[in-house]
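Chemist: this one's structure only:
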């Protein structure tokens, strides 16, 4: 069961008719681009042999987009931002092969922009500190690259309260857990000076580029959604926050007296180790 | 200019009509999945604090797919495999915003499967050695994560013979070079025991899952295309090899007396530091 808490509960209207899974999806344009990259010189673009310093791009964010042929009236594009240990894969298909929200929203006439956090997955990361550490024997330079284990994911996302034993009424497709585990990656944005703040800057650059949009965030990126709304109040038209982990902006009240915010929590929240509704109260 | 060398020059027929950029693209199904993952226990899923060992998935390969509503007659799906320092981004849009081959082939009625190499980008990698090295001060454990610098890319892909000075007749959109640089990532498959061989195994698992297909490879993955054709001769129906770096199979003659192979090189190859046609002669 989902419950909406906090802010103004508002959601996108379906356009209705001809939008069901299995019916053809008509795309006007699709592709990807990067925002917010900057050029630096890496002294250690490799960790083997004799490195030849050279220019590289860091802090960039990968944005994959699809624009439907028929757009829903008065609907803003939705930018979909994943959480910790995840990538844009979160939104493109469920572990058991059902359509992801990327396709679900497209079918309803809404342009979709799916990102990989700056410093993760197709956005790349800066391997310079690791490569230098390898060559000059300085392990203190190495960033930690934390990743959810299967046990962490099972508990954090409350498939069950004991690893690998599902709640009797779980809605998670347990038979597809290995597909879910496969999508978990290390959080390599720790290699960048700004870490998660780069994704906030990149989201601001994204709305500067594409214009007004709704930002959907999950877990780790909950705070990113609020921060980019604060940074670009004229361009972020609403925030949909799925089980946010933090509220990182100090002026949340001033921002969200003007902007719609929908916060959604899934089932088995109460009494769990990640009772975020309670943490956030 | 492109020239076809070696093997049997064969290519996919366009279905003709209504397939031009700018016309709507009709998709029957799209999404992603993983192939070939295996579960191991990581003793160091993080490099900070006290790690709690747990299960993780390694060696998996991310596969993003789109199936067009109207399929070209007698056309097999095409699996698109990127090269060193790249990801599936290679195929989804050009740096200057033109449609990538993913969309180009779809418009011609061909199902497309775009992968990230096992161990790279959305396929994740194993951060265990890095995290352990950080915690126990053993930098010799760290894999090298090599990445092309802008200078490397400029020379290797022959935008010019001196970094940042283009050939007068280059076809590369030099004004979009920063977008190109942004797509280059570290080769983190070095963190996996099998390194590149995992991608060959995963490509074999992919054709086992989806059935007969054509494999398109680029640069580093040139050898992967030949290896998977050798491993699955009944399922790999042709190989399109774009500027391959290696021929890794010993029985290439026996395989490619039965399978079509198209090898394509771009311009400015002759006399360049990467005169692969000469290297392969």
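Modeler: Alright, I've got the coordinates. Keep in mind that what you see is a predicted model, and the values were worked out from it rather than measured. Residues are numbered from 1 along each chain as shown, chains lettered A, B, ... in the order given.

Chemist: what packs against the strand or helix carrying residue A:264?
Modeler: Following DSSP states H and E, one finds residue A:264 within strand A:261-265. Applying 3 or more Cβ pairs under 8 Å, 6 or more residues apart in numbering or on different chains; DSSP states H and E, one finds that strand A:261-265 contacts strand A:3-5, strand A:236-242. (Each C-beta comes from the backbone N, C-alpha and C, glycine too.)

Chemist: Tell me which of those is the most buried.
Modeler: Burial of the helices and strands packed on strand A:261-265 is given as mean neighbour count (mean count of other Cβ atoms under 10 Å in any protein chain shown); strand A:236-242 ranks first at a mean of 23.

Chemist: now it and strand A:261-265, what's the angle there?
Modeler: Strand A:236-242 and strand A:261-265 are oriented at 10 degrees to each other (axes from the mean of the first three to the mean of the last three Cα atoms, to 10 degrees).

Chemist: now what about strand A:236-242, what contacts it?
Modeler: With contacts defined as Cβ atoms under 8 Å, 6 or more residues apart in numbering or on different chains, strand A:236-242 is touched by A:10-11, A:76, A:78, A:207, A:212-219, A:222, A:225-226, A:228-229, A:256, A:259-264.

Chemist: at 7 Å instead, please
Modeler: The contact list for strand A:236-242 (Cβ atoms under 7 Å, 6 or more residues apart in numbering or on different chains) reads A:10, A:76, A:207, A:212-218, A:222, A:225-226, A:228-229, A:259-264.

Chemist: next one: stretch A:178-196
Modeler: Taking Cβ under 7 Å, 6+ apart as the rule, stretch A:178-196 contacts A:58-59, A:84-87, A:89, A:95, A:117-121, A:125-127, A:129, A:143-148, A:150, A:153, A:198, A:224, B:33-34, B:37, B:57, B:60, B:124-125, B:127.

Chemist: circling back to that earlier point, list the neighbouring strands of the strand holding residue A:264 plus their orientation.
Modeler: Here strand A:261-265 is paired, per DSSP bridges, with strand A:3-5 (antiparallel), strand A:236-242 (parallel).

Chemist: If we ignore the residues flanking it in sequence, what's nearest the residue most central in space within chain A?
Modeler: Geometric centre of chain A, nearest residue: residue A:82, 1.8 Å, by Cα atoms, centre = their mean. Taking Cβ to Cβ, 6 or more residues apart in numbering or on different chains, and ignoring the residues beside it in sequence, residue A:82 has residue A:90 as its nearest neighbour in space, at 4.2 Å.

Chemist: where do the helices sit along chain A?
Modeler: For chain A, applying DSSP state H gives helices covering A:101-107, A:128-136, A:150-156, A:177-182, A:197-210, A:222-231, A:252-256, A:276-280.

Chemist: Please identify the most buried of those.
Modeler: Highest mean neighbour count among the helices of chain A (mean count of other Cβ under 10 Å): helix A:222-231, with a mean of 25.

Chemist: tell me what that helix is packed against?
Modeler: With contacts taken as 3 or more Cβ pairs under 7 Å, 6 or more residues apart in numbering or on different chains; DSSP states H and E, helix A:222-231 sits against helix A:197-210, strand A:213-218, strand A:236-242, helix A:252-256.
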